[in-house]
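Q: Structure here, sequence nowhere to be found:
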């Protein structure tokens, strides 16, 4: 098993957590009365950590992510990103990658990724240069001029991920980034993401309904209950602890999966 | 498929239908069933086109200018208003009903007043055309701006886009196909607007030719003018369709937005 970085194992007590969520609740008004999506959710993420959130569909995972991202406000409780609570500050500190790639059909793959740079104030040319740099490192260079409809689902998701990284925010929020892909492409893209994150380290909060995916990609996994979402358990993940075939067949992995399933039951 | 075969497939049926109709019309007119001044034969219309070509060309140029300028005015004002109505909730509530109401005011009433205000020149025609073209452009463009997937808006926001950046990089491009749909409807009626403006008061243009020709029972010339007007509408429509293919090639493959 690989040696863990001390920072991940025990964040220095003085360091501000990248994300801290405290007694967070979200209630949506509906025609049939208020629906409680999240209740009393609390956790903290150390800078540089990769944390997964698993839970059944409809448990408020995406809502939680959008609240952290600054796209929604909580009904109760507090969210801090880098110690700041204002939605505008949260918006500036993180970037959310949604489940669908949402590539713009009128832009080439390169310009779709470069969009993130353009929105940071770079010119089209500089944005392209930065996107091309990342494409070269991610093995996407042949697809730069392709239009989204010419790309496979896996390729589109890679382009969307490149766009997310190019926003250059310290905190990445990934909302089921692999859910729309077939099993083989998903496994491929999980490996690819691990490689990409090793090359471009970020603090990551990954939401998924796939327990194995969360355990394999993250170094900590939170299990959320169904509506209203509440943190049921916190497990350690096995990110970067060896080849997939070894890791997912190990005794420890089986135990972790078992504990996650128990927490969900 | 070869180009010749494709042309035959696309244009064969309508060409055959038109040829058949023209033949029947020719026979009916030549056979003496209808009077010449009521319905001239197609060949007589063709003859008028050739013989009066100098006069018709001049008047066609006048009408074409009116149509192009009026349409351009409507396009610029319509797109600008659509953007304003999109970004400002208050403007939308206040102005949108008025835009709809403006379509209920009969042009028949407005046109003569415009002639009194602006005279026999180009201005009143321009306004009539712009008034007619304006509505489909505003309504379509606004629909396009509002049809953007909210997930895309969120995606842009988390990447750091403000209101203006969202409009420029997402809503604007996404609304282009809608703008073109509105413009294609508008351009077809723009020609009607020009003729109507000219009928009410003018000293040149195809509408003027029609008016004078009717009074003098030069029916073949009137039909010739109508034929030119139809050709003008078709040409403008085709031009817009070509521009649309160039400007929004992605619209043919679009899933979202």
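A: Structure received. Because the structure is predicted, anything quoted here is derived from the model rather than measured. Residues are numbered from 1 along each chain as shown, chains lettered A, B, ... in the order given.
Q: From chain B, how far out is residue A:190?
A: Distance of residue A:190 to chain B, computed by CB to the nearest CB, to the nearest Å: 22 Å. All C-beta atoms are positioned from the backbone trio N, CA, C, and that covers glycine.
Q: Not counting sequence-adjacent ones, nearest residue to that residue?
A: Using CB to CB, 6 or more residues apart in numbering or on different chains and skipping residues adjacent in sequence, the residue nearest residue A:190 is residue A:217, 6.1 Å away.
Q: okay, now the one you found: neighbour count?
A: When neighbours are counted by other CB atoms under 10 Å in any protein chain shown, residue A:217 registers 26.
Q: what's it in contact with, if anything?
A: The neighbours of residue A:217, taking CB atoms under 8 Å, 6 or more residues apart in numbering or on different chains as the test, are A:50, A:52, A:190, A:193, A:194, A:206, A:237, A:239.
Q: Give me the pLDDT for the last one.
A: Read it as residue A:239. We have a pLDDT of 75 for residue A:239.
Q: And the closest residue to it other than its chain neighbours, how close does it get to residue A:41?
A: Leaving aside its chain neighbours, residue A:239 sits nearest to residue A:219 (4.6 Å; criterion: CB to CB, 6+ apart). According to CB to CB, to the nearest Å, residue A:219 stands 20 Å off from residue A:41.
Q: so residue A:223 is in which element?
A: Following DSSP states H and E, one finds residue A:223 within strand A:220-224.
Q: tell me the angle the helix or strand following that strand makes with strand A:220-224.
A: As assigned by DSSP H and E, the chain's next helix or strand after strand A:220-224 is strand A:231-236. Put simply, strand A:231-236 runs at 160 degrees to strand A:220-224, going by axes from the mean of the first three to the mean of the last three CA atoms, to 10 degrees.
Q: Summarise which helices and strands the longest helix out of those in chain A is packed against.
A: Taking DSSP state H as the criterion, chain A has its longest helix at helix A:183-199. Applying 3 or more CB pairs under 8 Å, 6 or more residues apart in numbering or on different chains; DSSP states H and E, one finds that helix A:183-199 contacts helix A:153-166, helix A:211-217, helix A:244-247.
Q: TSV for those helices, including mean pLDDT?
A: TSV is the format used below for those (pLDDT from 0 to 100):
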stretch	mean pLDDT
helix A:153-166	90
helix A:211-217	84
helix A:244-247	73
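Q: what's the most centrally placed residue in chain B in contact with, if anything?
A: With distances taken as CA atoms, centre = their mean, residue B:187 lies nearest the centre of chain B, 1.4 Å away. Contacts for residue B:187 were tallied using CB under 8 Å, 6+ apart; they are B:71, B:133, B:233, B:236, B:237, B:240.
Q: run the last query once more with 7 Å
A: B:71, B:236, B:237, B:240 (CB atoms under 7 Å, 6 or more residues apart in numbering or on different chains).
Q: Just the residues you listed: which are in strands?
A: Among those, DSSP state E puts none in strands.
Q: could those be laid out in CSV, adding neighbour count, distance to chain A and pLDDT?
A: Below are these laid out as CSV (neighbours: other CB atoms under 10 Å in any protein chain shown; distance: CB to the nearest CB, whole Å; pLDDT from 0 to 100):
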residue, neighbour count, distance to chain A, pLDDT
B:71, 28, 25, 95
B:236, 21, 25, 93
B:237, 16, 24, 93
B:240, 18, 19, 93
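Q: So stretch A:77-85, near chain B or not?
A: No. Counting by CB under 7 Å from any CB of the partner chain, chain B is not contacted by stretch A:77-85; separation bottoms out at 12.3 Å.
Q: And that stretch, what's buried?
A: Using 16 or more other CB atoms under 10 Å in any protein chain shown as the test for burial, stretch A:77-85 gives A:77, A:79, A:80, A:81, A:82.
Q: Out of those, the closest to chain B would be?
A: Using CB to the nearest CB, residue A:81 comes nearest to chain B of the buried residues of stretch A:77-85, at 12.3 Å.
Q: My understanding was that that closest one contacts residue A:171; is that so?
A: Yes. Counting by CB atoms under 7 Å, residue A:81 touches residue A:171, with 6.4 Å between them.
Q: Identify the contacts common to those two.
A: Residues touching both residue A:81 and residue A:171 (CB under 7 Å, 6+ apart): A:19, A:93, A:94.
Q: interface residues of the stretch 101-250 of chain B facing chain A?
A: Residues of the stretch 101-250 of chain B lying near chain A (CB under 7 Å from any CB): B:151-152, B:154-161, B:165, B:169, B:173, B:250.
Q: and with 10 Å instead?
A: Residues of the stretch 101-250 of chain B found near chain A (CB under 10 Å from any CB of the partner chain) are B:149, B:151-162, B:165-166, B:168-170, B:173-174, B:176, B:247-250.
Q: rewinding a little: higher neighbour count, residue A:219 and residue A:41?
A: When neighbours are counted by other CB under 10 Å, residue A:219 and residue A:41 differ, and residue A:41 comes out ahead with 26 against 22.
Q: How about the secondary structure of residue B:34?
A: For residue B:34, the assignment made with DSSP: H, G, I helix; E, B strand; the rest coil gives coil.
Q: ditto for residue A:79
A: strand.
Q: go on, residue A:15?
A: Following three-state DSSP, we place residue A:15 in the coil state.
Q: hang on, isn't it packed against residue A:45?
A: No. Taking contacts as CB atoms under 10 Å, residue A:15 lies outside contact range of residue A:45: 11.3 Å.
Q: So which of those two has more stuff around it?
A: Legend: neighbour count by other CB under 10 Å for residue A:15 and residue A:45, higher for residue A:45 (22 against 11).
Q: Show me the shaky parts of the stretch 1-150 of chain A.
A: A:1-14 (pLDDT under 70).
Q: how about the residues of it that lie near chain B?
A: A:66, A:69-72, A:90-92, A:94-107, A:115-121, A:147-150.
Q: From these, keep the buried residues only.
A: Neighbour-count burial (16+ other CB under 10 Å) applied to those gives A:66, A:69-72, A:90-91, A:94-107, A:115-120, A:147-148.
Q: Sort out for me which of those residues are in helices.
A: Per DSSP H, these map to helices at A:66, A:69, A:90, A:91, A:115, A:116, A:117, A:118.
Q: Closest to residue A:228 out of those?
A: Taking CB to CB as the measure, residue A:228 lies nearest residue A:66 of these, at 15.9 Å.
Q: The closest one against residue B:150, yeah?
A: No. Using CB under 10 Å, residue A:66 is not in contact with residue B:150, being 11.7 Å away.
Q: picking that back up, helix or strand right after the longest helix of chain A?
A: Once the chain leaves helix A:183-199, the next helix or strand it forms, by DSSP H and E, is strand A:203-208.
Q: Perfect, that will be all.
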